[in-house]
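1. Next come a sequence and a model predicted from it.
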Amino acid sequence: MKPTIASFPAARPRRMRQSAALRALARQNTLTVDDLIWPIFVMDGKDDETPVASMPGVVRRTVDRIAKAALEAQNLGIPAICIFPYTGLEARTEDCAMAWDPDNLTNQAIRAIKDAAPEIAVMTDIALDPYNINGHDGFVENGKIVNDRTVEALVKMGLAQAAAGADILGPSDMMDGRIGAIRSALESEGHQDVTILSYAAKYASSFYGPFRDAVGASAALTGDKKTYQMDPGNADEALRLVERDLQEGADMVMVKPGMPYLDICRRVKDSFGVPTYAYQVSGEYAMLQAAAQNGWLDGEKVMMESLLGFKRAGCDGILTYFATTVARLLNT
Ligand SMILES: NCC(=O)CCC(=O)O
């Protein structure tokens, strides 16, 4: 589209910026509570929570507290909540069997949320890393992360989450062929209405550091995830992966991290026009919070501006640790 504009002084673009009223009328993108997905951390125990040191304002909660938090989120109008389990070394094994245990932390949390806050959509994470002794998203054989055997395990993990009542499955593992395998298993096991939000373009990023502290993965992880997550220099590959995941049965797609990858969000939205999400990851959150705590940035303003940026880049929603803070602000 090429806008037709007069030349100066007939055109004075500042006219439309002169008052809050005119700016509001002309504003193309806005952030609403409907755009938010709230990632939360669940841990073992009862009626307890512990702060995540590298993510000021974020806590890990026991299942009962997760249920309360979900109800609070539902009351704020937040449409979805995404569960990540905190797992110590004792939950981690070579065969990752806990990942598809019907009573693992995630599945307990799904049931508790469904009970306490039935209207909020429950999203999960599918990857073996919380239960893997070496912290990888897939099985490791002779130093290599193996694809096809991992996909079989991811299918079991997804089916257990669907059986527990998850509304949105989020395969974040970046193995090849997992979306198709999960989709056909859901079909044949009677879970045809369960949606898949594929982490289609997930980059091997250094912005995940605080998250790995939050879920207890920092100590477990050996090496890096560069053989399965995307190279930060690539853009066209993201479009190929999104297209593939859509063809395999994803309902929604995600770009991750968020702020450094807004170009990818825009290209994905323009190319496919499907529900597109970005994950404003832990490092992005930590960065903004640290600067705000030092008085170097206005925390509230940069929070809102950073999230509006995702809307402008074409996203339909954002996974953000700021979700409840933003919702409260938008609701006042
Ligand atoms: N699979 C989930 C993540 O890797 C989250 C990353 C983050 O928030 O840094």
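-> That came through fine.
2. The residue of the stretch 101-250 of the chain found nearest the ligand: how many residues sit nearby?
-> Closest residue of the stretch 101-250 of the chain to the ligand, CB to the nearest ligand atom: Phe211 (3.2 Å). (Each C-beta comes from the backbone N, C-alpha and C, glycine too.) By other CB atoms under 10 Å, the residues close to Phe211 number 24.
3. Close to the ligand: what parts of the stretch 51-200 of the chain are there?
-> Proximity of the stretch 51-200 of the chain to the ligand, by CB under 6 Å from any ligand atom, involves residues 125, 127, 172.
4. top of those by neighbour count?
-> Neighbour max across those (other CB under 10 Å) = Ala127, 28 neighbours.
5. Would you mind measuring from that residue to Gln289?
-> 25 Å (CB to CB, to the nearest Å).
6. re the thing from before, and the residue of the stretch 101-250 of the chain closest to the ligand, what element?
-> Assigned by DSSP states H and E, Phe211 belongs to helix 209-214.
7. what's next to the next helix or strand after that helix, contact-wise?
-> Counting by DSSP H and E, the next helix or strand C-terminal to helix 209-214 is helix 236-248. Outside helix 236-248, the residues within contact range by CB atoms under 8 Å, 6 or more residues apart in numbering are 177, 179-180, 183, 198, 200-201, 230-231, 253, 255, 264, 267-268, 271-272, 274.
8. repeat that with 10 Å
-> Contacts to helix 236-248, defined as CB atoms under 10 Å, 6 or more residues apart in numbering, come from residues 171, 174, 176-184, 196-203, 230-231, 234, 250-255, 261, 263-265, 267-272, 274, 276.
9. ok, now which ones touch Asp263?
-> So Asp263 contacts 235, 238, 255, 313 (CB under 10 Å, 6+ apart).
10. Now do Gly314: how many residues are near it, please.
-> 19.
11. wait, it sits on Ala278?
-> Yes - the criterion here is CB atoms under 10 Å, and Gly314 meets it with Ala278 at 9.3 Å.
12. what sits in contact with each of the two?
-> Joint contacts of Gly314 and Ala278 (CB under 10 Å, 6+ apart) are 255, 262, 264-265, 268.
13. Could you rank these by neighbour count and give me the top one?
-> Highest neighbour count within the shared contacts of Gly314 and Ala278: Val255, with 30 neighbours (other CB under 10 Å).
14. thought that one was touching Tyr203?
-> Yes - using CB under 10 Å, Val255 is in contact with Tyr203, at 8.4 Å.
15. quick check, Asn75 in a helix?
-> Yes - checked against DSSP: H, G, I helix; E, B strand; the rest coil, Asn75 lies within a helix.
16. Which positions within the longest helix along the chain qualify as buried?
-> Assignment by DSSP state H gives helix 148-164 as the longest helix of the chain. For helix 148-164, a neighbour-count test (16 or more other CB atoms under 10 Å) marks 150-151, 153-164 as buried.
17. could those go into CSV alongside distance to Lys225?
-> Formatted as CSV, the buried residues of helix 148-164 follow (distance: CB to CB, whole Å):
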residue, distance to Lys225
Thr150, 13
Val151, 16
Ala153, 17
Leu154, 15
Val155, 21
Lys156, 21
Met157, 18
Gly158, 20
Leu159, 24
Ala160, 23
Gln161, 22
Ala162, 25
Ala163, 28
Ala164, 27
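18. Take these and lay them out in JSON lines including pLDDT.
-> What follows is these, written out as JSON lines (pLDDT from 0 to 100):
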{"residue": "Thr150", "pLDDT": "98"}
{"residue": "Val151", "pLDDT": "98"}
{"residue": "Ala153", "pLDDT": "98"}
{"residue": "Leu154", "pLDDT": "98"}
{"residue": "Val155", "pLDDT": "98"}
{"residue": "Lys156", "pLDDT": "98"}
{"residue": "Met157", "pLDDT": "98"}
{"residue": "Gly158", "pLDDT": "98"}
{"residue": "Leu159", "pLDDT": "98"}
{"residue": "Ala160", "pLDDT": "98"}
{"residue": "Gln161", "pLDDT": "98"}
{"residue": "Ala162", "pLDDT": "98"}
{"residue": "Ala163", "pLDDT": "98"}
{"residue": "Ala164", "pLDDT": "98"}
